[in-house]
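Q: Sequence plus predicted model, see below.
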Amino acid sequence: MAYLTSAQRFDVVSVGDVASDLFIRLADDSVTERVDERGRWLEIPFGAKVPFDRGPTVSAGGSAANAAVAMARLGLRVSLAAFLAHDDVGFRLLGALHAEGVDTRLVHLDDPAHTNRDFVLSFRGERTIFVSREEFDYHWPHLRPSEVPAWLYVTSLGRGARHYEDQIADWLGENPSVKLALQPGTFQIEAGAARLARLYARAEALVCSRSDAAAIGGAPAGEPAALLETLLALGPATVVVVDEVGGAVASDGTTRFEVPAFPDSSAPLDRTGATDAFAATLCSALVAGASLAEALRRSPLNYMSVSHELGSQAGLLKARALDEQLAEATPGYAVTTW
């Protein structure tokens, strides 16, 4: 594998919780969708037997694993820092990562916790996830000089990982050459921006969905310029806000960029993991030395590809396939400034 960076062993270390994901595809007539002023809701008859099609099980799921697999397929030397239990689910997860070429020497096996399992309800292209996070003995590993990566990719962690996040921030302070890509997860956003202030300020790239950007910075989700400005105020060098169809707006503090969703005539099957695919593809391009504009142009393609497969990783593209499909894009598909 080509060495994309000067790091001795890893271009990127992906950090976050991992889980085995079981997908459950709901039939269109099995539940009801309702929209009100508080959002969109799935209504399931109480006490009923609801039919479903059992989908794939992603042995190594969760944002950190999704990102690690995406970056490995795109040619980076990737390691995963995560916590598992000594159980069958954990060992299957390790096997799946090995098969994808993801290094697992920074994965810690913990007792007596169980490896995380998520249940993903897929309905009309969207997903609702039942999550439960184990209380692991989180601690940042001692990295040998050869294991210090060019980039650290930090994403979703459980509520019990606050001290762990502080340790990561401390380590980044001691290793100023390491760049940080940050894709905060549900519990990190829930804790408030002040809780992760050091990580936001340290980030080379902050990537999140539009709804998460609104929750982090407080700006209305429908005002892209305000979303970018409130996130930049937290200190990251670059911010990228991904919309619900795979396009994005971004800013490096000087120039604002916009990229549309990748042209696609068919409806998505399931968007689980699509934002992870976008963020990881963007990070891969930046790690390889691409400009922000070029990184943005590449990312919606992997978002679209993942959206056409059931499961968070089945549609992830390898570098050659991504390049070939990108070369065939219509002339109107381009990154613009505004």
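A: Structure received.
Q: Where do the strands of the stretch 1-150 of the chain begin and end?
A: 12-15, 19-26, 32-36, 39-43, 52-61, 78-81, 83-85, 108-110, 117-123, 126-130 (DSSP state E, counting those that start in this stretch).
Q: Residue 219: which of these is closest?
A: strand 39-43 (17.9 Å; C-beta to C-beta). C-beta here means a position set from N, CA and C on the backbone, and glycine is covered the same way.
Q: and the closest residue to residue 334 other than its chain neighbours, how many neighbours?
A: Once flanking residues are discounted, residue 334 sits nearest to residue 297: 7.3 Å by C-beta to C-beta, 6 or more residues apart in numbering. By other C-beta atoms under 10 Å, the residues close to residue 297 number 21.
Q: which residues touch residue 297?
A: Residue 297 is in contact with 259, 326, 333-335, counting by C-beta atoms under 8 Å, 6 or more residues apart in numbering.
Q: One more: residue 155?
A: With C-beta under 8 Å, 6+ apart, residue 155 has these contacts: 14-16, 63-64, 67, 182-185, 276, 279.
Q: tell me the pLDDT at it?
A: Per-residue confidence at residue 155 stands at 97 (pLDDT).
Q: can you tell me how far it sits from residue 252?
A: 21 Å (C-beta to C-beta, to the nearest Å).
Q: cool, residue 238 as well?
A: From residue 238 over to residue 252 (counting by C-beta to C-beta), the distance is 5 Å.
Q: Equivalent analysis for residue 322, please.
A: 23 Å.
Q: Looking only at neighbour counts, state which of these two leads.
A: Taking other C-beta under 10 Å, residue 322 and residue 252 do not tie; residue 322 has more neighbours (21 against 18).
Q: The residue lying closest to the more buried one once chain neighbours are set aside: helix or strand, and which one exactly?
A: Residue nearest to residue 322 in three dimensions, not counting chain neighbours: residue 301, with 5.9 Å by C-beta to C-beta, 6+ apart. Element membership for residue 301, per DSSP states H and E: helix 292-307.
Q: Just give me how far that helix sits from the chain centre.
A: 13 Å (C-alpha atoms, centre = their mean, to the nearest Å).
Q: now the angle between helix 292-307 and the helix or strand just after that helix, please.
A: Counting by DSSP H and E, the next helix or strand C-terminal to helix 292-307 is helix 319-327. Interaxial angle, helix 319-327 versus helix 292-307 (axes from the mean of the first three to the mean of the last three C-alpha atoms, to 10 degrees): 100 degrees.
Q: by contact count, what packs against helix 319-327?
A: helix 292-307 (3 or more C-beta pairs under 8 Å, 6 or more residues apart in numbering; DSSP states H and E).
Q: what's the burial count for the closest residue in space to residue 159 that isn't next to it in sequence?
A: Nearest-residue entry for residue 159: residue 187, 4.9 Å, with adjacent residues in sequence omitted and distances by C-beta to C-beta, 6+ apart. Neighbourhood size, residue 187 [other C-beta under 10 Å]: 17.
Q: Surely residue 187 is within a helix?
A: Yes. Judged by DSSP: H, G, I helix; E, B strand; the rest coil, residue 187 forms part of a helix.
Q: Hmm, it is touching residue 162, no?
A: No. Between residue 187 and residue 162 there is no contact under C-beta atoms under 8 Å: 9.5 Å.
Q: May I see the strands of the stretch 1-150 of the chain arranged in TSV, with mean neighbour count, distance to residue 230 and mean pLDDT as well?
A: Shown next, in TSV, are the strands of the stretch 1-150 of the chain (neighbours: other C-beta atoms under 10 Å; distance: least, C-beta to C-beta, whole Å; pLDDT from 0 to 100):
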stretch	mean neighbour count	distance to residue 230	mean pLDDT
strand 12-15	29	25	98
strand 19-26	22	30	84
strand 32-36	9	26	87
strand 39-43	11	21	86
strand 52-61	19	30	79
strand 78-81	27	29	98
strand 83-85	23	32	91
strand 108-110	15	35	88
strand 117-123	20	30	83
strand 126-130	15	26	82
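Q: For residue 93, grab the count of nearby residues.
A: Applying other C-beta under 10 Å, I find that residue 93 has 28 neighbouring residues.
Q: err, residue 218, not the other one
A: Around residue 218 there are 11 residues (other C-beta under 10 Å).
Q: Quick check: the residue nearest to residue 334 vs residue 327, distance?
A: 11 Å.
Q: Ok, residue 169 next?
A: The value you get for residue 169 to residue 327, if C-beta to C-beta is used, is 40 Å.
Q: So between the two, which is more surrounded?
A: residue 169 (18 against 7).
Q: Return the residues in contact with the more buried one.
A: Residue 169 neighbours (C-beta under 8 Å, 6+ apart): 198-199, 202.
Q: any idea which of those residues has the most stuff around it?
A: residue 199 (24 neighbours).
Q: follow-up on the earlier one: quick one: which of the contacts of residue 169 is nearest residue 125?
A: Closest to residue 125, out of all of the contacts of residue 169 and judged by C-beta to C-beta, is residue 199, at 31.6 Å.
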